[in-house]
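K.L.:
turn this into a model:
(chains A and B)
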Amino acid sequence: MLPALVFFGLFSFYPIVNAFYTSLFKQKLLSLAPPEYIGFGNYIYLLHSSTFWNSVRATAIFTVCTFVLLVGVSLLLAAFIASRKRIQSVLQMAYFSPAVVSSVVAAAVWMLIFDPRGLGNQAINAVLRTPGVDHKWLASATMLQISTILVYFWKYVGYFTIIFIAGLTSIPTTLHEAARIDGAGAWKDFWYVSFPLLKPTLVLVSVMSMIQCLRTFSTQYVFTQAGAPRGPIDVIAFGIYNTAIRDHQIGRASAMSVILFCLMLVLSWMQFRVSRSDDVSYL
Amino acid sequence: MRRRWLAFIGVAVLVGAVVVPALGVELVFWTHEDPNRTAIENQYIEEFQKMYPEVTIRRVTYPSGDIAQIILTAFAAHQGPDIFNMETEDEYPYIINRRVAPMDPAAAGYANLQAVYDAYQAGTLDAVTYEGKLYGLPMELTNWCIFLNTKYFREVGLNPGTDYPRTWEEMMAVSELLVIREGDILQRRGFDFRYPYYLIFLLPMVEQLGGSFLSEDGKTAVINDAAWLQVLGFFQEWGPNGKNLGSPTYTNARKLFNKDNNSVAMCLTGLYQIDRIRADNLAFYESNEWMIVPFPVFENAVNNYGCNYYGHYYMVNAESASEKQQWAWKFIAFMLSHGEDYLLKCGLIQPTNALLSSEAYETFPYADVFAADMARSKMVMLHEYNPQFDDLLREAIESVMLAGVTPEQALATLRQKANELLQE
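P.N.:
Below you'll find the model as predicted:
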């Protein structure tokens, strides 16, 4: 217990406390002058900053869209893969493989696809029979948001599918057999037996995927480095990076990370709270 | 007891005297990736270490797009390298925050500070001079001109020697002739800009028309609306919602130029590109099918400015031990004593009087074009908020090129945000 506590304290709790402490100061990364205590000045500045509110908007759009897609599609994929016993391991491996690719590499690969002369335009134009149309994957605000969501979805859908499969296979087969004997078809078996019993897994996946989405950074960073406009995808984590590294304002960046942390904490707490009312038991 | 202690201290001092020089001095040197420069600087390190066996130099390279943030985080943690270089505008905050050491003329082999200034072209050390002290020595001073592929010019019936664009209006007209589109998609661009280095190439375009980013007292941002609106309008017309001649979302034109693969006919880059063409595509380098012409001006320009120039200056960490600082300046001076190598093997110009009056410089291909352009150019603006200003310019250009924002709206946003930043 003690080593775990020490580890958590050193690498998780201390940075959180330190970030909160730093957020109370006006501090520049390169300055050797002592930081100036400004209380909640950084928080007040952020609440009045249009750039910060744009980041909140971009994060909300990204998180809601990606979260819904990830949880919904990975659940459906898991149900499909779990029912295909012969090719289950092959499908699991295929869907999981993008998760092991680094986010920066994934974004770089997709950048080639989204290049105006890349595979993205070629494939869509071939399907829609619209030769020469530039779908502006990285240029128009809406398409840029869709592109970042697509990359993230591609990267993590397999990962959450595997977790759902683990949840599905942990449900005793006797329950499925009983349902079949009572005349339930595949759909009713999934909806009335598997889905309610998957609740703990569903909560785990939704908390994990939501936290992942709120922390998104590398895809947005790589895309803007490649010339995409920043505004539509300027998520909070990217704003923290810019405030610290570009503006050298480490106090203000710490305040942003404390706000993001609080947001994650509240949303996770809400999800656990909602799920607690009806715990699952196989007995 | 006292004797025993004295003996112990005596032995410790003796061991220290023997062991410490044997350990020697290690200098950590961080720089950006450049294969041509790596070859010659590794050779200088070997030579320097032979001359001074007590010194070890560890040269570490980082991608040029990442080095600024790597050095920044290292300095923030007080773990910066002993020697480093970055672009002038990134180095400026290190000078004003006293994170770099003033140059040591004696260690670098100069009689005094004035002798250092006398060795360089007038004004080229201004960017690293602050409150009477000199904080760096230039590894390169770079301006950008237009590289053009003569084959594609001839292909569309243009004579590259006479029909190359001298004005931005001609650049748009010539690009319209050179461009190859498949629907909306550009298969070959005539020319495209060097996004997102707006402080370097965009500001001189505004200044050609009499505008500027900051007022003379530095307290107000965005001066001369007519100049700004003309430039923003030009980029709106250049982008995908206008004549569709280029866009920041296409692959950097400079990278494609060397490939000679019918994807770009002209690009904006520095003299160093010549050596990179040779390294990337020897057949194209030797084909004689490329040439270099000056940075264009607007037809109604009131100032004949070329592209802003910037430098990479070697600097020394102020937190390094004083002995290390002296060795660092000695080593920097040793590297920079090979100015002709940097020019001939890397295409980098060190603005020493000796190099600029040498035969090597005068006979170097297109050095005259770059020198003439530099003579009408200014050093890139230096300001504590340069990275933020660069971002605001980027936002303005991208909003008119990609998001359908009018030049008037983009200018209003730019002015508001830039002035808010100045007031902060």
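
K.L.:
and the closest residue to chain B within the stretch 1-150 of chain A, what does it touch?
P.N.:
With C-beta to the nearest C-beta as the measure, residue A:132 is the residue of the stretch 1-150 of chain A nearest to chain B, at 1.5 Å. C-beta here means a position set from N, CA and C on the backbone, and glycine is covered the same way. Going by C-beta atoms under 8 Å, 6 or more residues apart in numbering or on different chains, residue A:132 touches A:125, B:181-185.

K.L.:
what about the chain, any weak spots by pLDDT?
P.N.:
Since no chain was named, I'll use chain A. Residues of chain A meeting the criterion pLDDT under 70: A:276-283.

K.L.:
not quite, I wanted chain B
P.N.:
If you take pLDDT under 70 as the line, chain B has these spans: B:1-23.

K.L.:
what residues does it have near chain A?
P.N.:
The interface of chain B toward chain A, taken as C-beta under 8 Å from any C-beta of the partner chain, is made up of B:65, B:69, B:72-73, B:75-76, B:93-94, B:97-99, B:181-187, B:195-196, B:240, B:247-251, B:387-388, B:391, B:394-395, B:398-399, B:402-403.

K.L.:
count residues in the vicinity of residue B:359, would you?
P.N.:
By other C-beta atoms under 10 Å in any protein chain shown, 8 other residues sit near residue B:359.

K.L.:
gap between it and residue B:348?
P.N.:
In this view, residue B:359 and residue B:348 are 18 Å apart by C-beta to C-beta, to the nearest Å.

K.L.:
now residue A:236
P.N.:
Here residue A:236 is placed at a distance of 41 Å from residue B:348 (C-beta to C-beta).

K.L.:
contacts only, for the residue in chain B that chain A sits nearest to.
P.N.:
Residue nearest to chain A within chain B (C-beta to the nearest C-beta): residue B:183, separated by 1.5 Å. Residue B:183 is in contact with A:131-134, counting by C-beta under 8 Å, 6+ apart.

K.L.:
and the residue positioned nearest the centre of chain A, what element?
P.N.:
Taking C-alpha atoms, centre = their mean, the centroid of chain A lies closest to residue A:213, which sits 2.1 Å from it. For residue A:213, the host element (DSSP states H and E) is helix A:199-214.

K.L.:
thinking again about what came up before, are any of the residues of chain B next to chain A buried, and which?
P.N.:
Buried by 16 or more other C-beta atoms under 10 Å in any protein chain shown: B:72, B:75-76, B:93-94, B:97-99, B:185-186, B:195-196, B:240, B:247-251, B:387-388, B:391, B:394-395, B:398-399, B:402-403, out of the residues of chain B next to chain A.

K.L.:
among those, which ones are in helices?
P.N.:
Secondary structure from DSSP state H places B:72, B:75-76, B:93-94, B:387-388, B:391, B:394-395, B:398-399, B:402 of those in helices.

K.L.:
just give the closest residue to residue 248, not the sequence neighbours.
P.N.:
Answering for chain A, as no chain was given. Sequence neighbours aside, residue A:29 is the residue nearest to residue A:248 in space, at 4.2 Å (criterion: C-beta to C-beta, 6 or more residues apart in numbering or on different chains).

K.L.:
try chain B instead
P.N.:
residue A:227 (3.4 Å).

K.L.:
wait, is that neighbour part of a helix?
P.N.:
No: according to DSSP: H, G, I helix; E, B strand; the rest coil, the state of residue A:227 is coil, so it is not within a helix.

K.L.:
could I get the contacting residues of it?
P.N.:
Counting by C-beta under 8 Å, 6+ apart, residue A:227 makes contact with A:138, B:195-196, B:247-250.

K.L.:
apply 6 Å and report the result again.
P.N.:
Residues in contact with residue A:227 (C-beta atoms under 6 Å, 6 or more residues apart in numbering or on different chains) are B:195, B:248-249.

K.L.:
ok, residue B:178 next?
P.N.:
If you count contacts by C-beta under 6 Å, 6+ apart, residue B:178 has them with B:152, B:156, B:190, B:265.

K.L.:
what sits closest to it if chain neighbours are left out?
P.N.:
Leaving aside its sequence neighbours, residue B:178 sits nearest to residue B:190 (C-beta to C-beta, 6+ apart; 3.4 Å).

K.L.:
next helix or strand past the helix or strand hosting residue A:124?
P.N.:
Here residue A:124, judged by DSSP H and E, is contained in helix A:119-128. Under the assignment DSSP H and E, the closest C-terminal helix or strand after helix A:119-128 is helix A:141-169.

K.L.:
can you point out the buried residues in that following helix?
P.N.:
When neighbours are counted by 16+ other C-beta under 10 Å, the buried residues of helix A:141-169 are found to be A:141, A:143-145, A:147-153, A:155-165, A:167-168.
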